[in-house]
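Chemist: quick one, structure for this:
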Amino acid sequence: MKADPMVAVIRLQGAIGMGGRGALSDQTLAPIIEKAFRRGKPVAVALEINSPGGSPVQSALIGARIRRLAEEKGIPVYAFVEDVAASGGYWLACAADEVYADHSSIVGSIGVISAGFGANVFLARQGVERRVHTAGKSKSFMDPFQPEKEEDVARLKRMLDQIHVNFISHVKERRGEKLADHPDLFAGEIWVGEGAKDVGLIDGIGHIVPMMKEKFGDKVKFRRYEKGRGLLQRFGMSMAQDALSAVEERAEFARFGL
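Modeler: Purely as a prediction, here's the structure:
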C-alpha cells in the first residue's frame, strides 16, 4: 500500500550562535537536520523560522548543511517565516527553494551590525587606571575600556563590509531573478508580509499546513524535529550563561518590536 506523503518539519527558533545552550548553531542542529532528511523518506522538508539573526558563520554553516542534504536527497525545501526572519534568520530562509510568510511577518535586514560599549570615561571618573600590555599592535583592537581609535573603526568597517558582501552574494545566488531592483534591498531594511513579496524576498503569503496540503494533498503528514531542552532547563534550573543568552536573544527580538 502506498504510504501517505510525509513532510519533515525543522523548527529554527531563536537567535543564531549567540552563546549558551539555547542558541541555534550548526553543532546543535546537525543531528536534527540530518534526521529530518534521512528518516522516513520525506517528500519535502519545511523550515519553521522565527529568528532575529545572529552569527553570520553559524547561519552559513546551517544553511549549507540544509542545501547539501537537499541536493543529495533530491528533496525540496520550503521555509515558513513566523514573527521574524531577519539578518541571519533570513540567511536560513534562503536555504529553502521557496519562502512563505504571514501577512505580518518581518523579513529582511540584509546587513551586518557590530555593537559594543565604551567605558573609558566611566573608569577615569572612578579613578581606575587600566593597564594593557600587548605583543602586536592590533591585539587590543576595539578595547571597550580604551578610547575608540580611528584605525580600529576603519578596520572593523572593512570586516563588516566583507561579511555584507558575502551575505548579498548568498541572497542573490538563492533568490536570483526573483529579487526586485530596489535601492534599499541590501541596505539592512526590513519588509512586512506583502512588502517582502513585492521585493522578492519571499514567494508568497502562506502557512505551513495549508501550503503543504496544496502541494502534496490533504493526506500529507508532518514529522517534527526541533532542539530538545536539557535536564536543567526542563526543571527550570538554567545556568547563568543561559540567563545571559536569554537576555541577549530578547534584545535581538526587541530590535524588531517583538
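
Chemist: assign the nearest residue to residue 66 once chain neighbours are set aside to helix, strand or coil.
Modeler: Of all residues not flanking residue 66 in the chain, residue 95 sits nearest, at 4.1 Å (C-beta to C-beta, 6 or more residues apart in numbering). Backbone N, C-alpha and C define where each C-beta goes, glycine included. With DSSP: H, G, I helix; E, B strand; the rest coil as the basis, residue 95 sits in coil.

Chemist: and residue 95, how far from residue 151?
Modeler: According to C-beta to C-beta, to the nearest Å, residue 95 stands 37 Å off from residue 151.

Chemist: the residue nearest to residue 66 touches residue 63, doesn't it?
Modeler: Yes. Between residue 95 and residue 63 a contact is recorded at 4.0 Å, counting by C-beta atoms under 8 Å.

Chemist: between these two, which one's more packed in?
Modeler: residue 95 (27 against 21; other C-beta atoms under 10 Å).

Chemist: gap between that one and residue 12?
Modeler: 10 Å.

Chemist: ranges for the helices of the stretch 1-150 of the chain?
Modeler: 26-38, 56-73, 88-93, 120-125, 150-175 (DSSP state H, counting those that start in this stretch).

Chemist: redo those as TSV? Include distance to residue 114 and mean pLDDT.
Modeler: TSV is the format used below for these (distance: least, C-beta to C-beta, whole Å; pLDDT from 0 to 100):
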stretch	distance to residue 114	mean pLDDT
helix 26-38	21	93
helix 56-73	11	95
helix 88-93	14	95
helix 120-125	18	66
helix 150-175	6	86
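
Chemist: take those helices and write them to a markdown table, including distance to residue 105.
Modeler: Listed next are the helices of the stretch 1-150 of the chain as a markdown table, based on distance: least, C-beta to C-beta, whole Å:
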| stretch | distance to residue 105 |
| --- | --- |
| helix 26-38 | 21 |
| helix 56-73 | 18 |
| helix 88-93 | 10 |
| helix 120-125 | 40 |
| helix 150-175 | 16 |
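
Chemist: which of the ones you listed is buried the deepest?
Modeler: helix 88-93 (a mean of 29; mean count of other C-beta atoms under 10 Å).

Chemist: with just CA atoms, put that one into PDB.
Modeler: Taking Å, rounded to 0.1, in the frame of the first residue of the first chain, the C-alpha atoms of helix 88-93 are listed here in PDB:
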ATOM      1  CA  GLY A  88      20.900  35.600   9.800                       C
ATOM      2  CA  GLY A  89      17.300  34.400  10.100                       C
ATOM      3  CA  TYR A  90      16.700  35.400   6.500                       C
ATOM      4  CA  TRP A  91      20.000  33.700   5.600                       C
ATOM      5  CA  LEU A  92      18.400  30.500   6.900                       C
ATOM      6  CA  ALA A  93      15.200  31.100   4.900                       C
END
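
Chemist: off-centre distance for that helix?
Modeler: Mean-position distance between helix 88-93 and its chain equals 4 Å (C-alpha atoms, centre = their mean, to the nearest Å).

Chemist: equivalent analysis for stretch 165-180, please.
Modeler: 16 Å.

Chemist: before we move on, what about stretch 191-199?
Modeler: 18 Å.

Chemist: list the buried residues of that stretch.
Modeler: Residues of stretch 191-199 classed as buried under the neighbour-count rule (16 or more other C-beta atoms under 10 Å) are 191, 192, 193, 196, 197, 199.
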